[in-house]
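Novice: Here is my input; please provide its structure:
(2 chains)
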Number of protein chains: 2
Amino acid sequence: MRLRRLQAGLLIAMSLVVLPALADTPKATPTTKELIAKSRPEEWRTPDPNNLLYMQLPQGRVVIELAPDFTPLHAANIRTLVREHYFDALAIIRVQDNFVTQWGDPNDDDNGDKTKIKPLGSAKRTLPPEYTRTIDPKLAWTPLPDGDVYAPQVGFSEGFPAARDPAGGSEWLVHCYGMVGVARDVAPDSGNGSSLYVAIGQAPRQIDRNLAIAGRVIEGMQYLSALPRGTGPLGFYTQAAQRVPILSVKLAADLPPAQREKLALLRTDSPTFAAIIDAKRNRHDAFYTLPAGKIDICNIDVPVRTDAAATGH
Amino acid sequence: MRLRRLQAGLLIAMSLVVLPALADTPKATPTTKELIAKSRPEEWRTPDPNNLLYMQLPQGRVVIELAPDFTPLHAANIRTLVREHYFDALAIIRVQDNFVTQWGDPNDDDNGDKTKIKPLGSAKRTLPPEYTRTIDPKLAWTPLPDGDVYAPQVGFSEGFPAARDPAGGSEWLVHCYGMVGVARDVAPDSGNGSSLYVAIGQAPRQIDRNLAIAGRVIEGMQYLSALPRGTGPLGFYTQAAQRVPILSVKLAADLPPAQREKLALLRTDSPTFAAIIDAKRNRHDAFYTLPAGKIDICNIDVPVRTDAAATGH
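Specialist: Predicted structure coming up:
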């Protein structure tokens, strides 16, 4: 009991100093779950099935949402590759600890058999890089208040973590955990979406604006993050048997509605998302007694609903 | 060839604008490997074997360096637990994606059999929290130049990523990838080192100063980061068979020198470490054409040497 009273006293003291707005409500910060339970249906969005990839691995299904507002040419090329079954029977070729898991054609890297490279079909071989885009005031923008080490501004745009340079007039998606990027060779236009990677550790923000980001894993991330690390240079698997086969990649829009995943994402321009960010910034409860008062763009997950309610709106 | 020339031109242009100090050296930034190759023997340190834990898992050995400069009471208690074989035959009990892997006594959590909890022997049941310490000017401090979202200052202290609040006079270790923290119950003094966790995703910096950090994984991180994620609440494994057994945890000092790992760490107050940070901040080469110009504390790894040269000094 003494401990409990001490903690309450600490919270009040901190509220006065660090969190003046909370001075009269020194109770535990609501959890994300509690805030979501109070959300309204219109705060959720059902992703466009034209932007949803289902990548089937032996372990389970990975769902990726493409980001055509930022990388439209890459989204279009990836859709073409998917529809022509380019990825089916390819593999996860590389897992570098605290960096990326990458997939594509095992024959299309330095140790592959160049005579067996899978053709890209009607997809384009090169694309403009799309590393950044001009700021579009029509896109929703939810800025964060705590600054960023790498960019002048960070926030969420249309569901994705992003950065802005208001002086230069550009914006770009940032390499947080779970973001899916476009692998390429040295030439900036050599990325075409036939090999993709996902960030599986500390956000590699230093590569922002040097690679195009195609989208984000919104379900099944554990099937990509928990794979054995490759022992070759850069985490490439050195033996074919180590690679995880990709059974298929399909576009949700190409499946009958009944076969699509029931999922919805909390809108990043919604009041509930703002309340979740605020609660994360100022978290204080019986366990966490010292709120950070700040949050990094890559420490915020966008809530995903996979329950029946996800299809109701 | 046209591409190569274009890139060179871009590098010169950027050097003039973004990197004035490099204007007359528009060549590729040296790699970490190249910088390490030029390092001097005295820039490396051999960790004190009294601070090194060897945790043997079926997959391989994890090496953890304790941080007694920051959490001396926890280091002492963990040494006691190790020497009394507390951890042997315990298990990894929890893997929560993008957060932590945790190990300890499976019976000492909510679903465990409380009658079978392993006794702590002569180790202490409670410890002062040691979340922060008073800044000690005798400890080496290598500050970073690019700020931080969470703390007034960040840098490296005695080999570990750390933060400082000069106004408050305190410093603390920060939860970067690979940092090992002390699990506890609600009471701040309930952490005693018998259950530890390691950060396996985006640095959970919001829990800094709410938990004690005991040290850092310096080898074998992949044996903790690539484990299947638990499917219970908070990533706890729901079935005993899912848990990874800990075969043993030993202190390097308790092994004959011939059985100790041959490893050395680059001193974080060395010129080569400073050069590596600078190269990471300003990386530009044929592939990465836009240097970040900045770096986050948790995007810097402390180089570890496991070759024969590691024992030469």
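Novice: Doesn't A:L73 lie inside a helix?
Specialist: Yes - counting by DSSP: H, G, I helix; E, B strand; the rest coil, A:L73 is found in a helix.
Novice: near chain B, which residues of the stretch 151-300 of chain A show up?
Specialist: By Cβ under 8 Å from any Cβ of the partner chain, the residues of the stretch 151-300 of chain A that approach chain B are A:176-178, A:186-188, A:200-210, A:221-222, A:225-229, A:280, A:283, A:286-290, A:292, A:294-296, A:298-299. (Glycine included, C-beta is placed from N, CA and C.)
Novice: can we see that at 6 Å?
Specialist: Contacts of the stretch 151-300 of chain A with chain B, taken as Cβ under 6 Å from any Cβ of the partner chain, map to A:177, A:186-187, A:201-203, A:206, A:209-210, A:222, A:225-226, A:228-229, A:286-288, A:290, A:292, A:294, A:296, A:298.
Novice: Can you report how many residues lie near A:Q96?
Specialist: 19 (other Cβ atoms under 10 Å in any protein chain shown).
Novice: typo on my end, it should be A:K116
Specialist: Number of residues near A:K116 (other Cβ under 10 Å) recorded here: 10.
Novice: ok, now A:D109?
Specialist: Neighbours of A:D109 under the rule other Cβ under 10 Å: 18.
Novice: What pLDDT is listed against it?
Specialist: Per-residue confidence (pLDDT) for A:D109: 77.
Novice: quick one: it and chain B, what's the gap?
Specialist: 15 Å (Cβ to the nearest Cβ, to the nearest Å).
Novice: Need the phi and psi values for that residue.
Specialist: phi -130, psi -180 (degrees, to the nearest 10).
Novice: Then A:E43?
Specialist: phi -80, psi -10.
Novice: so who does it touch?
Specialist: Neighbouring residues of A:E43 by Cβ atoms under 6 Å, 6 or more residues apart in numbering or on different chains: A:R267, A:S270, A:T272.
Novice: please redo it, this time with the cut-off set to 10 Å
Specialist: The contact partners of A:E43, by Cβ atoms under 10 Å, 6 or more residues apart in numbering or on different chains, come to A:I36, A:A264, A:L266, A:R267, A:D269, A:S270, A:P271, A:T272, A:F273, A:P303, A:H313.
Novice: Give me the distance between it and B:M179.
Specialist: Here the criterion is Cβ to Cβ, to the nearest Å. By it, A:E43 lies 35 Å from B:M179.
Novice: Okay, buried residues for the helix or strand containing A:I276 please.
Specialist: In the assignment (DSSP states H and E), A:I276 maps to helix A:271-281. Buried residues in helix A:271-281, counted by 16 or more other Cβ atoms under 10 Å in any protein chain shown: A:T272, A:F273, A:A275, A:I276, A:I277, A:D278, A:A279, A:K280, A:R281.
Novice: Give me the nearest residue to the second one, chain neighbours excluded.
Specialist: This means A:F273. Spatial nearest neighbour of A:F273, excluding adjacent residues (Cβ to Cβ, 6 or more residues apart in numbering or on different chains): A:L266 at 5.3 Å.
Novice: number of nearby residues for the one you found?
Specialist: Neighbour tally, A:L266, other Cβ under 10 Å: 22.
Novice: How about the backbone phi and psi for it?
Specialist: Per-residue torsions, A:L266: phi -70, psi 130 (degrees, to the nearest 10).
Novice: so it bridges to which residues?
Specialist: A:W44 (DSSP bridges).
Novice: ok, it touching A:P47?
Specialist: No - when contacts are counted by Cβ atoms under 10 Å, A:L266 is not listed as touching A:P47 (11.8 Å).
Novice: ok so, going back, pick the one among the buried residues of helix A:271-281 closest to chain B.
Specialist: Nearest to chain B out of these is A:K280 (Cβ to the nearest Cβ; 6.7 Å).
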